[in-house]
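Novice: let me see the structure of the following:
(4 chains)
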Number of protein chains: 2
Amino acid sequence: MAAPLSAASGPGPASSRSRRARRPSGDDRERAILATAERLLEQRPLAEISVDDLARGAGISRPTFYFYFASKDAVVLALLDRVVAEARALRAEAVRGSALGGDVRENWRAALGAVRDTFRAHRALTAAATQLLAHSPEVRTLWAQVMEGFVTETAAAIEAERARGAAPAGPPARDLAVVLNWMNERVVQVTLAGQQPAVAEEDLIDVLLTVWLRAIYGTDDPTGR
Amino acid sequence: MAAPLSAASGPGPASSRSRRARRPSGDDRERAILATAERLLEQRPLAEISVDDLARGAGISRPTFYFYFASKDAVVLALLDRVVAEARALRAEAVRGSALGGDVRENWRAALGAVRDTFRAHRALTAAATQLLAHSPEVRTLWAQVMEGFVTETAAAIEAERARGAAPAGPPARDLAVVLNWMNERVVQVTLAGQQPAVAEEDLIDVLLTVWLRAIYGTDDPTGR
DNA sequence: CACGGTAGTCGACACCCTGTCGAGAGCGTC
DNA sequence: GACGCTCTCGACAGGGTGTCGACTACCGTG
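Specialist: As a prediction, the model looks like this:
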């Protein structure tokens, strides 16, 4: 059994996933492990990377690796923490921007695009995280929190649009938000991984946006505020 | 490296995934392995089931297991083959029923419900298949074929609705079909696995159906034929 | 400057799992 | 009764994980 990791802390600055408080030299090692993981993930899937590979790549022995991280998965989790924080921040920024007004369609597009861009910039990590999602409770918890954040934000936006009469009534806003966000998650992941059947990468946001707008407003051209 | 499995054959009756042509006694053994896998999957995730567990459960030794299946994954693939065939058949039946006329909304609901029902009846296997999807090329290929079939069917239906003037123009029908089907896949899977954020199981089809109808027709109440 | 504590390091070990090889056992058939 | 076939498994090789205990290097303190 792997030693328990510190649970992902709630909202706030990205928490340290490392096992130890950082030390001058230890900090370098930790970064080296992270960098090695990122590099190797560009070359082959996570399942084909061993702790030994990570340790050697960082210039340390296998037991020493365990001084820094509890497992291979914990390394990916640490990497994912950073990317996830980036995605959250960018999406939140897009949503904040929308609150100031502007074209409704473009506002939604910005929110969708922010997430797509973040994960596109880290394809290899995204693929690894997808694998871990299947069998790492820690990753599943982190991801559930991320999705929950997106869903809550989306549901609030839908309710605001209904309140101002721009969007028609329908299923509970949260339910709509849940299925739309999972749609995006899956389709972005499939597209970035090059799986089939997929939509061409350049059409992705357009198609998703159409579904979002029709699902929320019933039309491709919601009225601005 | 695992010995290569016979590739999933195209459309047609479910192909045999077993390594050998069936023999009187060998056939029983094969069934015993399959049954053991199904039973153990109800108790714990695939990653925590070893080939030895499967072999012991079927009353044979580990090496003997390899006479029947090339790997643990091949067993799940064989199980999945059956469930997938069931899902395809039920959905195709629902789609065929739609071609005869009837309420448009109910027709779409039947297609969505068919898939949900099949996988709900095999929760444990669905969870295992999801794990394998991440690292088994064979499962990925099989699943890609299934999704491709759903997408093609859906796209044809959308085009038919557009042709008869019931559905407005919009993104390419296939693109719409791709994102809607992946949405269903992901949301059904998340819901069946009890992950968060999710929609209550009894509301699932209603919410999905609303998104499908709004995305395809722009309204919750498409006109019948 | 010695000296004790702490961070950091790794060789060796125990363990678990996979997949294969080769020697057989049972059994129908000529 | 011996050949060939399916089927079986003990034993092995290999690779992975995580841990333990001894060791080193360094840093602050008296």
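Novice: and chain A, what are its domains?
Specialist: Domain segmentation of chain A under automatic domain parsing yields A:25-69, A:72-217.
Novice: which stretch among these comes nearest DNA strand C?
Specialist: domain A:25-69 (2.4 Å; Cβ to the nearest atom of the strand). Yep, even glycine has a C-beta here, placed from its N, CA and C like the rest.
Novice: and that closest one, how far out from the chain's middle?
Specialist: For domain A:25-69, the distance from its own C-alpha centre to the chain's C-alpha centre is 22 Å (Cα atoms, centre = their mean, to the nearest Å).
Novice: mean confidence (pLDDT) on that domain, please.
Specialist: pLDDT averaged over domain A:25-69 equals 95, rounded to a whole number.
Novice: just to revisit the earlier point, most tightly surrounded among the domains of chain A?
Specialist: domain A:72-217 (a mean of 19; mean count of other Cβ atoms under 10 Å in any protein chain shown).
Novice: can that one be said to contact chain B?
Specialist: Yes. Domain A:72-217 lies within reach of chain B by Cβ under 8 Å from any Cβ of the partner chain, at A:130-131, A:133-135, A:140, A:144, A:147-148, A:151, A:170-171, A:175-176, A:178-183, A:185-187, A:190, A:195-199, A:203, A:206-208, A:210-211, A:214-215.
Novice: nearest residue to the residue most central in space within chain A other than its sequence neighbours?
Specialist: The centroid of chain A falls nearest to residue A:84 when counting by Cα atoms, centre = their mean (4.5 Å). Nearest non-adjacent residue to residue A:84, counting by Cβ to Cβ, 6 or more residues apart in numbering or on different chains: residue A:146, 5.4 Å away.
Novice: who are the contact partners of that neighbour?
Specialist: When contacts are counted by Cβ atoms under 8 Å, 6 or more residues apart in numbering or on different chains, residue A:146 touches A:84, A:87, A:88.
Novice: is the helix or strand it falls within anywhere near DNA strand D?
Specialist: Residue A:146 is part of helix A:137-163, with elements assigned from DSSP states H and E. No. Helix A:137-163 stays out of contact with DNA strand D when judged by Cβ under 7 Å from any atom of the strand, the minimum separation being 12.3 Å.
Novice: next secondary structure element downstream of that helix?
Specialist: Heading C-terminal from helix A:137-163 (DSSP H and E), you reach helix A:173-192.
Novice: low-confidence stretches in chain A?
Specialist: A:1-24, A:26, A:225 (pLDDT under 70).
Novice: how about a cut-off of 90?
Specialist: Within chain A, the segments meeting pLDDT under 90 span A:1-28, A:97-102, A:135, A:223-225.
Novice: wait, residue A:103 sits on residue A:223?
Specialist: No. Between residue A:103 and residue A:223 there is no contact under Cβ atoms under 8 Å: 10.3 Å.
Novice: name the nearest residue to residue A:33, ignoring sequence neighbours.
Specialist: Using Cβ to Cβ, 6+ apart and skipping residues adjacent in sequence, the residue nearest residue A:33 is residue A:58, 4.5 Å away.
Novice: and residue A:176, what does it touch?
Specialist: By Cβ under 8 Å, 6+ apart, the contact list for residue A:176 reads A:154, A:155, A:158, A:170, A:215, A:216, B:207, B:210, B:211.
Novice: hmm, try it at 7 Å
Specialist: Counting by Cβ atoms under 7 Å, 6 or more residues apart in numbering or on different chains, residue A:176 touches A:158, A:170, A:215, A:216, B:207.
Novice: then residue A:94?
Specialist: A:110, A:111, A:114.
Novice: same thing but at 10 Å, please
Specialist: Contact analysis of residue A:94 by Cβ atoms under 10 Å, 6 or more residues apart in numbering or on different chains lists A:107, A:108, A:109, A:110, A:111, A:112, A:113, A:114, A:115, A:153.
Novice: where's it, which helix or strand?
Specialist: helix A:72-99.
Novice: residue A:88 and chain B, how far apart?
Specialist: With distances taken as Cβ to the nearest Cβ, to the nearest Å, residue A:88 is found 15 Å from chain B.
Novice: surely that residue meets residue A:149?
Specialist: Yes. Contact criterion Cβ atoms under 10 Å: residue A:88 and residue A:149 qualify, at 6.2 Å.
Novice: wait, the residue nearest to the centre of chain A touches residue A:141, no?
Specialist: No. The pair residue A:84 / residue A:141 is not scored as a contact, 11.7 Å apart, by Cβ under 10 Å.
Novice: quick one: residue A:94 from chain B, how far?
Specialist: 20 Å.
Novice: for the contacts of residue A:176, which one is nearest residue B:39?
Specialist: residue B:207 (33.3 Å; Cβ to Cβ).
Novice: can the host helix or strand of the closest one be found next to chain A?
Specialist: Element membership for residue B:207, per DSSP H and E: helix B:204-217. Yes. Helix B:204-217 is in contact with chain A by Cβ under 10 Å from any Cβ of the partner chain, via B:204, B:206-217.
Novice: remind me what that helix packs against, helices and strands.
Specialist: Applying 3 or more Cβ pairs under 10 Å, 6 or more residues apart in numbering or on different chains; DSSP states H and E, we find helix B:204-217 packed against helix A:173-192, helix A:204-217, helix B:104-120, helix B:137-163, helix B:173-192.
Novice: okay, angle between the second one and helix A:104-120 too, please.
Specialist: Between the axes of helix A:204-217 and helix A:104-120, defined by axes from the mean of the first three to the mean of the last three Cα atoms, to 10 degrees, the angle is 130 degrees.
Novice: quick one, helix A:204-217 and helix B:173-192 angle?
Specialist: Going by the same axes, to 10 degrees, helix A:204-217 makes 70 degrees with helix B:173-192.
Novice: check the offset of helix A:204-217 from the chain's centre.
Specialist: 20 Å.
Novice: my guess is residue A:139 contacts residue A:80. True?
Specialist: Yes. Residue A:139 lies in contact with residue A:80 (Cβ under 10 Å); the separation is 6.8 Å.
Novice: list residues touching both of those two?
Specialist: With Cβ under 10 Å, 6+ apart as the test, residue A:139 and residue A:80 both reach A:8, A:73, A:128, A:129, A:132, A:133.
Novice: tell me which helix or strand the third one sits in.
Specialist: It refers to residue A:128. Element membership of residue A:128 [criterion: DSSP H and E] is helix A:123-135.
Novice: after the host helix or strand of residue A:27 comes which helix or strand?
Specialist: When elements are assigned from DSSP H and E, residue A:27 belongs to helix A:24-43. Later in the chain than helix A:24-43, the nearest helix or strand by DSSP H and E is helix A:51-57.
Novice: near DNA strand D at all, that next one?
Specialist: Yes. Taking Cβ under 7 Å from any atom of the strand as the criterion, helix A:51-57 and DNA strand D are in contact, through A:51, A:52.
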